[in-house]
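Chemist: I would like to see how this sequence folds:
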Amino acid sequence: MTDTLYDRLRAKCEQFGKDFAAGRLSEMTSAFYHPEAVMEGRDMPAEQGLTAIRHIFEEAREVYSSLTIELEEITQVGDVAFGNFTNRNTIIGGGMDIHRGLMIWTRTGDDWLVVRDFFFSENSPLFTSIGLHAVGGKGAGTPRTSRKKSAKA
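Modeler: Numbers count the residues shown, from 1 in each chain. So this is what the prediction gives:
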């Protein structure tokens, strides 16, 4: 039985969580994100490239002991795939921080890598089977908030 794309991406997400917990952030980002990937979230302007994304997760490791990415249905169109996800981030001092978002993947050789990673803390997804939803909030010019400060608030 061959793995479906969903199975492959879910396995990548599971490895991502293991690498985060073990502190293998360079390996984690290069195995998961495209070299020109863009990540952005609530109160965080777009950050581009593996170095910038790795720095985001270095900050996150000061706040979270683990990250679990739960993928929802994946839609594939040629060499691009996209779908909603839920992150369940365990806070070091106790508690859970839950983010929802949208990941866009691209086929790179025999692998699939994330090229866009949007996340936010609301409960509604960015993409549904009937179309894209407008997401309110602050613009990309908003200064980035440290996750360390956000988790303590």
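
Chemist: low-confidence ranges in this protein?
Modeler: Under the criterion pLDDT under 70, the flagged ranges of the chain are 1-3, 122-153.

Chemist: which stretches of the protein form strands?
Modeler: Ranges of strands in the chain, per DSSP state E, are 33-41, 44-48, 64-71, 75-77, 80-91, 96-108, 111-120, 127-128, 131-132.

Chemist: Could you list the paired strands of the fourth one along with their orientation?
Modeler: Think strand 75-77. With DSSP bridges as the test, strand 75-77 is paired with strand 80-91 (antiparallel).

Chemist: In CSV: the strands of the chain, plus mean neighbour count.
Modeler: C-betas here are computed from N, CA, C, even on glycine. CSV is the format used below for those (neighbours: other Cβ atoms under 10 Å):
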stretch, mean neighbour count
strand 33-41, 19
strand 44-48, 15
strand 64-71, 17
strand 75-77, 11
strand 80-91, 18
strand 96-108, 18
strand 111-120, 19
strand 127-128, 15
strand 131-132, 8
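
Chemist: Compare the ones you listed and give me the one nearest Glu14.
Modeler: Set against Glu14 and scored by Cβ to Cβ, the strands of the chain come closest in strand 64-71, at 8.0 Å.

Chemist: so what's Asn89 up against?
Modeler: Contacts here follow Cβ atoms under 8 Å, 6 or more residues apart in numbering; on that basis Asn89 touches 60, 63-64, 66-68, 96-99.

Chemist: what's the most distant pair in those residues?
Modeler: The most distant members of those, if one measures by Cβ to Cβ, are Val63 and Thr68, lying 14.9 Å apart.

Chemist: Please report the number of neighbouring residues for Ala11.
Modeler: Ala11 is surrounded by 11 other residues when neighbours are defined as other Cβ atoms under 10 Å.

Chemist: For it, give its distance to Ala81.
Modeler: 14 Å (Cβ to Cβ, to the nearest Å).

Chemist: coming back round to it: with distance to Lys18 added, can I get the strands of the chain in a markdown table?
Modeler: As requested, the strands of the chain are exported to a markdown table (distance: least, Cβ to Cβ, whole Å):
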| stretch | distance to Lys18 |
| --- | --- |
| strand 33-41 | 16 |
| strand 44-48 | 23 |
| strand 64-71 | 9 |
| strand 75-77 | 25 |
| strand 80-91 | 14 |
| strand 96-108 | 18 |
| strand 111-120 | 17 |
| strand 127-128 | 27 |
| strand 131-132 | 32 |
